[in-house]
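Participant: The following block contains a protein sequence and its predicted model.
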Amino acid sequence: MKKIIVVLLVSLVGFVAQAQEKKNKNAKHDIAVKGNCEMCKKRIEKAAYGVPGVKSAIWTADSQSLHVIMNEEKATPLQLQESIAKAGHDAGEVKASADAYGKLHSCCQYER
Amino acid sequence: MHKNFMFFLLLFVNFITAQENVTGTITDEHNLPVIGASVTWKDTTIGVTTDENGTFSLPYSKENHLLVISYVGYETQTLEIHEPKAVKINIKPSKTLGEVVVQTKRNSLQKSYVKTANVVTMSSKELLKAACCNLSESFETNPSIDVNFSDAISGSKQIKMLGLTSPYILIAEENIPSVRGASQAYGLSFTPGTWVESIQVTKGAGSVVNGYESISGQINTELIKPANDIPFFLNAYGSTDSRYELNTHFNKKISDKWSSSLFLHGNARVAKNDMNNDGFLDNPLGKQINVLNRWQYSDAEKGWVSFINLRYMRDEKQTGQVDFDPDRDKFTNNYWGSEINTDKVDLSTKIGYVFPDMPYQSIGFQNSFNYHKQESYFGFNQYNIQQNSFYSNLIFNSIISNTLNKFSTGLNFTSDDYNEYVFVGSGMDVSRRDNSIGAFFEYTYDNTDNFSLVAGARYDIHNRLGAFFTPRLHLRYNPWEKAVFRASAGRGKRSANIFAENQQLFATSRAFNILNTGGKIYGLDPEIAWNYGVSFMQGFSLFGRTAEVSVDFYRTDFENQAVVDLYASPQQVLFYNLDGKSYANSLQLEFNYEFFKHLNLRTAYKYYDIQTDYLSGAKERPLQAKHRVFANLAFETHIKEKGQQWKFDFTYNWMGAQRLPNTADNALLRDRLPDYSPSFSVMNAQITRTFSSTFEVYVGGENIGNYKQKKAILGAENPFGPSFDSSIIYAPVFGQMYYAGLRFKIK
C-alpha cells in the first residue's frame, strides 16, 4: 500500500515537474533593439510580427527596447532576435550584418 | 530579466576598462562642430554642454545607459551607451520648427491619421471655447456638427450630423447609449459641460459594439475620471439673458485603489426676456439641479478597473406668453403657456478586467438603469412620458494570433418600458415595451503602417424591429505621408419615437395624424437606412506652417423612414412610412491653417442635399440650409511661468436659405412665410484670461451681429387660433447676448 502511494506521489511530482517545463504561451520579453525613428519602429515591429507565435510587439525609441509577448511553443526569443537583426536592427545578443545595416534608410542608421 | 542582464553586462564592462568618461564630438549636417548642445544622461540632471570644438566629456556611470543630445532647431537624439567610450554624433536639423511646435502642443480638436473611423476628438479645452454650459452647446466650434437655434419653447439647441437630426446619431456617455427615447429632445442639455473630459465624434456608420441604432454617426462623451480629477473645481456663469450656472466638483482619493467625485450643477433663468416684442418669452424660465456621484476602483497590477455612477436630475421649464401664470392660466385660454418638468435617475456600473499576462485581452461588463419622467403641457396639448430602461453589454476583446488582428465580441440586452400619454385634441395612451437581445462581433486589422480595417456585424432580436443583421465596415489607407483616405459603410435600424423626437410640434395648433396603422411603432414601421462615406485628408506645409485640407462625402439612403410631413397643411403634421426615396447627401470641405504659433484658423464649407418623397412630391427636408460656411479663429498667448495666459476665440457661421414648412394655406397674410428663409450669419467671440493655473475668468458674446428671426412665432397674436406655430425656427430668436464666468481650481 505504502509503495503504491509513493509511486503515485512520485508520478504526480513528475507530472507537475513536466507541466512546469511546458513552454510559456504568453512569455514576456524585453529585448534591446537599436533604432532611431518612427520608420525604424515600423520595421522592427513588422519583423517581430513576422515571427510565428509573436502576439504583441511594441518598440519605443526612448527605451530602445522591444516589448514582446510570444508563444514560446512556436518560436524562441533567439529566433525572434535573429529575424529582427535580419531586418537590420541589432537585437539582444544578435547583431545585424553589415549588409542588412547598410540597407537601412539613413534616418535608421543607429550608432554602432 | 533585461535589467539584470544589462547590469551584468555593465558590471563586466566596468571590470575590463579603466576609462571613466564618455567623451565625444557633436557635429551638424555640414559636419561642423555644434557649440552649446546639451548632453545629458536620460532622466537625470547629470549633463554638460559642448565646447567651442563641439566636444564634451561626461562621467560614465553604470546606472545610466541612455545619452540624450539636444540642440535648439535640431532633432533630439538618444544613444545607448554601455561603456565609457568616445563617440561621434551627427545631429540633423528638425524638418521645420513649425512641425516641432505642433508635436509638442496638443490640438484641442484632434483628427487622427491612424484611426480607422473618421473620428474627431474634442478635448475639454475645446469645450471651453463655448463657455456655456451643457453638451448641446459644446459643438459650436466643431464643423462636423451643426447646432440649430433653440426654439422659444424648449430653449434647447438641437444638433445635426450629415444633415440628419440627433435621433439618427447614437449619443453615448462612456459608451452607454444615453440620449435616446424619452430624452431625445432635451437629453443633451442634461449633461453639464464641466463634467466632460472629452468627446469623440464619429462620422458615418459607427461601431457595432454600441448598438444598431446609429445611422449618421456616433457621439461619445467621456466624463472626468475620479482617479485623474482635481480635489476641487468651481465654475460660475452669468449672462445678459439672465441665465446663471454654478458647477462645483469635489474629488477625494479614498485609498490607492478607490477614488470618488461629486459633481453638483445648478442653473436657473430667472427673468423674462422678450426682445422681439411678440408677447412671448424668447427663452424659457427654468431651473435645473443635477448631481452626479462617481466612484472609480482601479487596481492596475491585477488588471481591474470599475466605475459606479449615481445621478439625479430635476429640470423645470416654463415658457409661453409673458403674462402667463401657471397657477392661474394653466389649461385656460387666458394666456398661452407651457411647462416641461423632467426627473431623471441614472445608475450605471462598469467593470473591466485586463488579463495581466495578456494586456491585449480584456473583458468589460456595463450595466445601466435609467428612469426618465417628463410631464409637460403646451397650451391645451399635453405630453407625458416615463421611460424605464435597462441596458447591459458584455464585451470580450482579444487577438487572433497577434495584435495586428484584434476582435471584440459580446452580447447585449436592452429593455425600454415607455409609459406615454399624448393629448392633442383628444387623449391617447401610446405606452409600449421594447426588448432586444443581440450578439456582435467586430474584427480589426491593422498592419501598424498604412492600412487598417474594422469589419463588424451584429444580430439582434427585437420585439418590434424583428430579427435583423447590422453590418458595418470601415477602412483606412495612408497612400503617402500625412495623407489619409477613409471609407465606411453600414446599416442602421431604429424605432422612431415620433412624439418625443418632435416635441416642438406640440407648441403649435397642428393636429397630429399618423397615416399608417399596420406597423408596430405607433402604427409605423422601423426606420432603416444605409450610410456610405468616403473622406480624404492631407496635411502639408504652407509658408512653413502646418496646414491641413480635408474633404468628405457621405450619403444616407433610407429604405424606410418615419416621414414627418409639414408640407401637407399648416394645421397638420403627418407621420407616415416612406413611400419612394429619401436620402441625405453631405459634402464637407475643410481647411485648417496655423498662421503663426498660437494663431489657428479652422474653416469649412458644407453642402447638403436632403430630399424626401412626401405625399405632395419630392421636397427638401425643411429647416436645413443647403450651404453653410464655418470659420473659427483662435489665438492664445504664451503661457507664462505662473500659468498666465490670454485666449481669444472667434466663430463665424453663415447659413444659406432654408426651406420652410408650408404656411401658404394660412388664412391671414401675416401668418404666411415665404418658401425659403433668408440667408444670414452669426458671430460668437470669447476672451479668457488665465491668472494662474488655478484661476481664470472669461467673457464672451453670442450672436454679436444681433441677427434675429423676423417672425419667431406664427400667429403669436392669436395663440389659440389655427395658425399658431412656434416650431419654425431658422435663426436666433434672442438677439445678441453677453456672458461672463470664472473657473477656480484647487489642485
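Facilitator: Happy to help now that I have it. Numbering: from 1, shown residues only, chains lettered A, B, ... in the order given.
Participant: Roughly how far does B:Ala455 sit from chain A?
Facilitator: 20 Å (Cβ to the nearest Cβ, to the nearest Å). To be clear about C-beta, it is placed using only N, CA and C from the backbone, and glycine gets the same treatment.
Participant: List the beta-bridge partners for that residue.
Facilitator: Note on B:Ala455: beta-bridge partners by DSSP bridges are B:Tyr443, B:Leu473.
Participant: Number of residues surrounding the closest residue to chain B within chain A?
Facilitator: Per Cβ to the nearest Cβ, A:Asp30 is where chain A lies closest to chain B, at 3.9 Å. As a burial measure, A:Asp30 scores 16 neighbours (other Cβ atoms under 10 Å in any protein chain shown).
Participant: for B:Asn21, same thing?
Facilitator: 13.
Participant: what's around the closest residue to B:Arg494 other than its chain neighbours, how many residues?
Facilitator: Of all residues not flanking B:Arg494 in the chain, B:Glu213 sits nearest, at 4.5 Å (Cβ to Cβ, 6 or more residues apart in numbering or on different chains). Residues near B:Glu213, counting by other Cβ under 10 Å, number 22.
Participant: helix/strand/coil for B:Glu213?
Facilitator: coil (DSSP: H, G, I helix; E, B strand; the rest coil).
Participant: got any ranges where chain A has weak pLDDT?
Facilitator: A:1-22 (pLDDT under 70).
Participant: Please enumerate the strands of it.
Facilitator: Assigned by DSSP state E, chain A shows strands spanning A:27-32, A:54-60, A:65-70.
Participant: highest average neighbour count across these?
Facilitator: With neighbours defined as mean count of other Cβ atoms under 10 Å in any protein chain shown, the strands of chain A peak in mean count at strand A:65-70, which reaches a mean of 23.
Participant: Tell me what angle that one forms with strand A:27-32.
Facilitator: Note on geometry: by axes from the mean of the first three to the mean of the last three Cα atoms, to 10 degrees, strand A:65-70 and strand A:27-32 are set 160 degrees apart in direction.
Participant: List the pairing partners of strand A:65-70 within its sheet, with orientation.
Facilitator: strand A:27-32 (antiparallel), strand A:54-60 (antiparallel).
Participant: In space, not sequence, find me the middle residue of chain A.
Facilitator: Note on chain A: the residue nearest the mean C-alpha position is A:Pro77, at 3.2 Å, using Cα atoms, centre = their mean.
Participant: could I get the strands of chain A as JSON lines with distance to B:Val354?
Facilitator: Formatted as JSON lines, the strands of chain A follow (distance: least, Cβ to Cβ, whole Å):
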{"stretch": "strand A:27-32", "distance to B:Val354": "14"}
{"stretch": "strand A:54-60", "distance to B:Val354": "13"}
{"stretch": "strand A:65-70", "distance to B:Val354": "13"}
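Participant: wouldn't the residue nearest to the centre of chain A be in contact with A:Val94 here?
Facilitator: No. A:Pro77 lies out of contact with A:Val94 (Cβ atoms under 8 Å); the separation is 10.1 Å.
Participant: start to end distance for stretch B:454-469?
Facilitator: End-to-end span of stretch B:454-469 (Cα to Cα, to the nearest Å): 17 Å.
Participant: Could you give the average pLDDT over it?
Facilitator: Averaged over stretch B:454-469, pLDDT sits at 95.
Participant: ok, now stretch B:681-700?
Facilitator: Per-residue pLDDT values across stretch B:681-700 average out to 93.
Participant: and chain A, which residues reach chain B?
Facilitator: Counting by Cβ under 8 Å from any Cβ of the partner chain, the positions of chain A adjacent to chain B are A:26, A:28-32, A:34, A:36, A:42, A:45-46, A:49, A:54-57, A:61-62, A:64-65, A:69, A:107, A:111.
Participant: which ones are touching B:Asn577?
Facilitator: The contact partners of B:Asn577, by Cβ atoms under 8 Å, 6 or more residues apart in numbering or on different chains, come to B:Asn516, B:Gly519, B:Leu524, B:Asp525, B:Asn560, B:Gln561, B:Ala562, B:Val563.
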